[in-house]
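A.B. asks: Give the three-dimensional model of this entry:
(one chain, ligands or ions: 1)
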Amino acid sequence: MLANLLDFDIEGLAAFCERLGEKRFRATQLFRWVHQRGESDFSRMTDLAKSLRDKLPTVACVQPLQVLSEQVSSDGTTKWLFDVGQGDAVETVFIPEADRGTLCISSQAGCAVGCRFCSTGHQGFSRNLTTGEIVAQLWFAEHVLRKRFGTTERVISNVVMMGMGEPLQNYDALVPALRTLLSDHAYGLSRRRVTVSTSGVVPMIDRLAQDCPVALAVSLHAPNDLLRNDLVPLNRKYPLAELLDACNRYIPFAPRDFITFEYCMLDGVNDQAAHAHQLVALLRGHSEGGVACKINLIPFNPFPASGLLRSPNSQVQVFAQILQDAAIVTTVRKTRGDDIAAACGQLAGDVQDRTGVVQRMERRKIMMQTQKPEMSGRKETAL
Ligand code: SF4
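C.D. replies: Predicted structure coming up:
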């Protein structure tokens, strides 16, 4: 079987070159050809020795993902659906803005966390993506967009691991992928411009701090454990106090001196003024000095299976004002790509649920409706 060069960070590629009897510096040349120039044909890598150019196709390849579809939104947001085999497909989204180009990447086919408000979560979980499959999303998008825009300059300046999947539950594949994103011989992205978004896998937050600290976004979505247990089931394993402790431990290693908390605004569920005050108390009161953070309020993108609705803009503004009055930096995310279902929480791909996540979510929904009716519907408030 051929080795997929997209699976290697530069250290891994150097070790691969050594196994071929080549000098380690060959890895740097090869890495640049593949990632900086988007080249997958070894015969065109002209500064490699002819003997290596001849040998490589017999032992290695650059394995792209097959594009199943591409949709371009009226606002320029572009969404690709990639085939990852065995009936699974994952989504990747490019979001162009005046001063940056952001790529939202998937880390798993589906997701096992099963957040109530998340379209991916409702699809269930099939498998982890490999490092090569994670990197291939950027490799494809960067080089396709360069050609499309007629430029040799970098198009993608920011990457957010906020597509399908919980990246910290695919840690071993994630870290080499991040190292490739950051490598000056590949994409050369700044640590500040690469964001891992997690629902709160506490032990892996600590490991990321040691292995490859990049910007961290935490899906918070609730100001208390009772409500968060319902919205983000992982909270039962790693409750808020433990999660916020992990955030405080991460900050000294982070490229920014704060954590971003994502908070999806759900009409009548977590968007009341009382929730905002509770959130302030939680973040200010946790540990001495509180948690250095920024809050990103996300307008919910409704989908039928969720049974949830988007908070009215006026409610979002009231909520934001309470946070700002408490001197917490708060932004409201602009929704992008609504018309092609590319906005936050809308990525669903096409996933064979192989772990029964969907059934578990259904059972949980029924249980919550029978045991805690106050937590399951809209227009009711869990405090
Ligand atoms: S919000 Fe993230 S962690 Fe939760 S189900 Fe969706 S993809 Fe998984």
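
A.B. asks: any chance you could map the strands in the stretch 151-300 of the chain?
C.D. replies: Taking DSSP state E, counting those that start in this stretch as the criterion, the stretch 151-300 of the chain carries its strands at 158-161, 194-198, 215-219, 259-265, 293-299.

A.B. asks: other SSEs contacting the third one?
C.D. replies: Spelled out, it's strand 215-219. If you count contacts as 3 or more C-beta pairs under 8 Å, 6 or more residues apart in numbering; DSSP states H and E, strand 215-219 packs onto strand 194-198, helix 240-250, strand 259-265. Where C-beta positions appear, they are placed from N, C-alpha and C, glycine not excepted.

A.B. asks: Kindly recompute the last result at 10 Å.
C.D. replies: If contacts are counted by 3 or more C-beta pairs under 10 Å, 6 or more residues apart in numbering; DSSP states H and E, strand 215-219 sits against strand 158-161, strand 194-198, helix 202-211, helix 240-250, strand 259-265, strand 293-299.

A.B. asks: how far is the first one from where the chain is centred?
C.D. replies: It stands for strand 158-161. Averaging C-alpha positions (C-alpha atoms, centre = their mean, to the nearest Å) puts strand 158-161 7 Å from its chain's average.

A.B. asks: before we move on, what about the second one?
C.D. replies: What separates the centre of strand 194-198 from the centre of its chain is 6 Å, taken as C-alpha atoms, centre = their mean.

A.B. asks: what pairs with the residue in the stretch 201-350 of the chain positioned nearest to the ligand across the strands?
C.D. replies: As assessed by C-beta to the nearest ligand atom, the ligand sits closest to residue 219 within the stretch 201-350 of the chain, at 5.5 Å. Bridge pairing for residue 219 (DSSP bridges) gives the partners residue 262.

A.B. asks: List the buried residues of the longest strand seen in the chain.
C.D. replies: What stands out as the longest strand in the chain, according to DSSP state E, is strand 88-97. By 16 or more other C-beta atoms under 10 Å, the buried positions in strand 88-97 come out as 88, 89, 90, 91, 92, 93, 94, 95, 96.

A.B. asks: quick one: is the following helix or strand past it near the ligand?
C.D. replies: Moving toward the C-terminus from strand 88-97, the next helix or strand (DSSP states H and E) is strand 100-104. No: using C-beta under 6 Å from any ligand atom, strand 100-104 never reaches the ligand; the gap is at least 11.2 Å.

A.B. asks: For strand 100-104, which strands pair with it and how are they oriented?
C.D. replies: Strand pairing for strand 100-104, using DSSP bridges, gives strand 88-97 (antiparallel), strand 158-161 (parallel).

A.B. asks: count of neighbours near residue 242?
C.D. replies: When neighbours are defined as other C-beta atoms under 10 Å, residue 242 has 15 of them.

A.B. asks: Which helix in the protein has the most residues?
C.D. replies: Taking DSSP state H as the criterion, the chain has its longest helix at helix 131-149.

A.B. asks: Please name every helix or strand in contact with that helix.
C.D. replies: So helix 131-149, by 3+ C-beta pairs under 10 Å, 6+ apart, packs with strand 3-4, strand 66-72, strand 78-85, strand 88-97, strand 100-104, strand 108-110, strand 158-161, helix 171-182.

A.B. asks: mind redoing it with 8 Å?
C.D. replies: strand 78-85, strand 88-97, strand 100-104, helix 171-182.

A.B. asks: want to throw the helices and strands packed on strand 215-219 into JSON lines with distance to residue 173 and mean pLDDT?
C.D. replies: Formatted as JSON lines, the helices and strands packed on strand 215-219 follow (distance: least, C-beta to C-beta, whole Å; pLDDT from 0 to 100):
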{"stretch": "strand 158-161", "distance to residue 173": "11", "mean pLDDT": "98"}
{"stretch": "strand 194-198", "distance to residue 173": "13", "mean pLDDT": "97"}
{"stretch": "helix 202-211", "distance to residue 173": "12", "mean pLDDT": "98"}
{"stretch": "helix 240-250", "distance to residue 173": "20", "mean pLDDT": "97"}
{"stretch": "strand 259-265", "distance to residue 173": "22", "mean pLDDT": "97"}
{"stretch": "strand 293-299", "distance to residue 173": "26", "mean pLDDT": "96"}
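
A.B. asks: and of these, who's closest to residue 331?
C.D. replies: Among the helices and strands packed on strand 215-219, strand 293-299 comes nearest to residue 331, with 5.4 Å by C-beta to C-beta.

A.B. asks: next SSE after that closest one?
C.D. replies: Using DSSP H and E, the helix or strand that directly follows strand 293-299 along the chain is helix 313-325.

A.B. asks: what's the neighbour count on residue 253?
C.D. replies: 15.

A.B. asks: now it: how far from residue 29?
C.D. replies: 32 Å (C-beta to C-beta, to the nearest Å).

A.B. asks: returning to what we had before: now do the buried residues in the longest helix of the chain.
C.D. replies: With burial defined by 16+ other C-beta under 10 Å, the residues of helix 131-149 counted as buried are 131-146.

A.B. asks: wait, which of those is closest to the ligand?
C.D. replies: residue 134 (14.2 Å).

A.B. asks: So for the closest one, what's the pLDDT?
C.D. replies: For residue 134, the pLDDT comes out at 98.

A.B. asks: quick one: it and residue 175 touch, right?
C.D. replies: No: counting by C-beta atoms under 8 Å, residue 134 stays clear of residue 175, with 10.4 Å between them.

A.B. asks: Give the full set of residues in contact with residue 333.
C.D. replies: 296, 297, 298, 299, 344 (C-beta atoms under 8 Å, 6 or more residues apart in numbering).

A.B. asks: can we see that at 6 Å?
C.D. replies: By C-beta atoms under 6 Å, 6 or more residues apart in numbering, the contact list for residue 333 reads 296, 298.
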